[in-house]
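Novice: can't give you the sequence, but here's the structure:
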Ligand SMILES: [Zn+2]
């Protein structure tokens with residue numbers, strides 16, 4: 001019974017005699033007490049229910065619901081062919097855990113997160129195998145006139161990082177000198193390779209973060225989009241470092257011209273894309289053309305390198321990989337601009353199969369093809385120095 005019903009019943013009681021009145025008044029007071037007790041009991045119950053509800057709310061965070069394109073705040077309206085499964089104005093923790101929920105950004109996050117882990121793995125494998133730090137120490141040890149004692153100790157440090165420990169124990173200091181000299185003849189620096197791996201990882205990771213958190217608020221959306229574009233630019237610039245460095249290793253003039261040129265283009269692109277206006281959907285084609293033109297800039301050193309290395313059989317293997325990279329990147333850009341297939345069937349590809357996801361996968365494949373091309377160049381450069389440039 002509710003307290004309202006109790007009060008109404010009390011008002012409806014008939015007038016009675018004195019005796020009756022006394023008894024009835026006492027009985028009324030009992031009744032009133034009953035109603036009061038009952039009223040208190042009900043309000044206590046309500047309070048308990050509310051407390052329990054609060055506790056439940058604390059234990060289970062509110063499950064934010066997904067919305068349609070038409071319900072979105074203006075800043076999030078980017079692709080009118082994706083109709084549903086949007087997150088908008090979600091708090092950061094909910095946005096973070098939505099990585100395990102299905103919405104229209106889930107696969108955009110995961111495609112580049114998996115790509116990031118893949119490149120992190122490749123970096124780790126190469127760091128463990130390639131004596132990068134030892135190269136640097138070895139270079140200083142050999143290039144500065146120092147006493148025999150420090151020379152041996154530096155070679156020892158170089159040796160520790162260059163070879164595995166079992167081999168090292170069996171090497172005399174003289175053997176270490178010979179090994180170091182041999183390495184110098186190979187004369188290959190690995191830093192441009194790591195610059196590319198670092199640039200790719202930055203791009204893939206910042207893209208995942210952007211897709212995961214840009215639903216939080218308008219300011220964060222703008223900031224993350226700009227970081228994402230800077231990441232793409234970084235990936236393009238850093239991709240140029242290994243091929244230009246290794247191919248033109250014996251002609252530093254061209255290294256300087258090409259690497260300087262692409263770096264200036266990259267800096268210009270990043271500054272241009274920092275403008276919030278250019279982050280909007282309207283400038284999608286402009287952005288894509290800016291990235292594509294940076295990529296196409298690579299044709300100039302590629303043609304130059306092909307002529308320089310005309311007699312080198314490894315040129316063909318490198319070119320096949322680089323052609324595959326160009327194909328993946330350009331096809332990806334095509335999907336990004338045209339927004340195929342979702343424009344053909346709006347709403348059909350909301351969760352899986354829309355253009356941005358295809359673009360993401362093609363970016364990872366393009367980067368892997370480039371990685372394979374760089375391995376061929378590295379192998380060639382570590383085998384042959386500048387004297388016999390064009391041999392096998
Ligand atoms: Zn993306």
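Specialist: Okay, I see it. As the structure is a prediction and not an experimental result, all values here were calculated from the model. Numbers count the residues shown, from 1 in each chain.

Novice: how much space is there between residue 368 and residue 213?
Specialist: 26 Å (C-beta to C-beta, to the nearest Å). For the C-beta atoms, the positions are set from N, CA and C on the backbone; glycine is no exception.

Novice: repeat for residue 84
Specialist: Residue 84 is 20 Å from residue 213, where distance means C-beta to C-beta.

Novice: neighbour count: the two, which is higher?
Specialist: Taking other C-beta atoms under 10 Å, residue 84 and residue 213 do not tie; residue 213 has more neighbours (20 against 15).

Novice: which residue comes closest to the more buried one once chain neighbours are left out?
Specialist: residue 95 (5.2 Å; C-beta to C-beta, 6 or more residues apart in numbering).

Novice: so what's the one you found up against?
Specialist: Contacts for residue 95 (C-beta atoms under 8 Å, 6 or more residues apart in numbering) come out as 87, 212-213, 215-216.

Novice: residue 224 now?
Specialist: Residue 224 neighbours (C-beta under 8 Å, 6+ apart): 206, 209-210, 213-214.

Novice: so what's it closest to, chain neighbours aside?
Specialist: residue 210 (4.1 Å).

Novice: that neighbour and residue 227 touch, don't they?
Specialist: Yes. Using C-beta atoms under 8 Å, residue 210 is in contact with residue 227, at 6.5 Å.

Novice: report the buried residues of the helix or strand containing residue 326.
Specialist: Assigned by DSSP states H and E, residue 326 falls within helix 314-338. Residues of helix 314-338 classed as buried: 314-315, 317-319, 321-322, 324-326, 328-329, 332-337 (neighbour count, 16 or more other C-beta atoms under 10 Å).

Novice: kindly report the same for stretch 344-355.
Specialist: Going by neighbour count (16+ other C-beta under 10 Å), the buried part of stretch 344-355 is 349-351, 354-355.

Novice: next structured bit after the helix holding residue 326?
Specialist: Per DSSP H and E, the first helix or strand lying C-terminal to helix 314-338 is helix 355-383.

Novice: the inter-axis angle of that next one versus helix 314-338?
Specialist: Put simply, helix 355-383 runs at 160 degrees to helix 314-338, going by axes from the mean of the first three to the mean of the last three C-alpha atoms, to 10 degrees.

Novice: can you pull the domain assignment for the protein?
Specialist: When the chain is parsed with automatic domain parsing, its domains come out as 1-41, 92-128+190-383, 131-186.

Novice: do me a favour and get the end-to-end distance for the second one?
Specialist: The first and last residues of domain 92-128+190-383 sit 51 Å apart, counting by C-alpha to C-alpha, to the nearest Å.

Novice: which strands or helices does the helix holding residue 326 pack on?
Specialist: Secondary-structure packing of helix 314-338 (3 or more C-beta pairs under 8 Å, 6 or more residues apart in numbering; DSSP states H and E): helix 284-296, helix 299-308, helix 355-383.

Novice: other residues contacting it?
Specialist: With contact meaning C-beta under 8 Å, 6+ apart, helix 314-338 is reached by 243, 284-285, 288, 291-292, 295, 298, 302, 305-306, 309, 340, 355-356, 358-360, 362-363, 365-367, 369-370, 372-373, 376-377, 379-380, 392.

Novice: for ChimeraX, write a command that selects the buried ones of those residues.
Specialist: Typed into ChimeraX, the line below selects the buried ones among these, using 16+ other C-beta under 10 Å:
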select :243,284,288,291,292,295,298,302,305,306,309,355,356,358,359,360,362,363,365,366,367,369,370,373,376,377,380
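
Novice: what's near enough to touch the closest residue to residue 332 other than its chain neighbours?
Specialist: Closest residue to residue 332 apart from its sequence neighbours, by C-beta to C-beta, 6+ apart: residue 362 at 3.4 Å. Contacts for residue 362 (C-beta under 8 Å, 6+ apart) come out as 328-329, 331-332, 335.

Novice: hmm, which of these is lowest in pLDDT?
Specialist: The member of the contacts of residue 362 with the lowest pLDDT is residue 329, at 90.

Novice: residue 75 against residue 221, yeah?
Specialist: Yes. Under the criterion of C-beta under 8 Å, residue 75 makes contact with residue 221 at 5.8 Å.

Novice: the residue nearest to residue 213 sits in which helix or strand?
Specialist: Using DSSP H and E, residue 95 falls in helix 92-97.

Novice: please point out which parts of that helix sit buried.
Specialist: In helix 92-97, counting by 16+ other C-beta under 10 Å, buried: 94-95.
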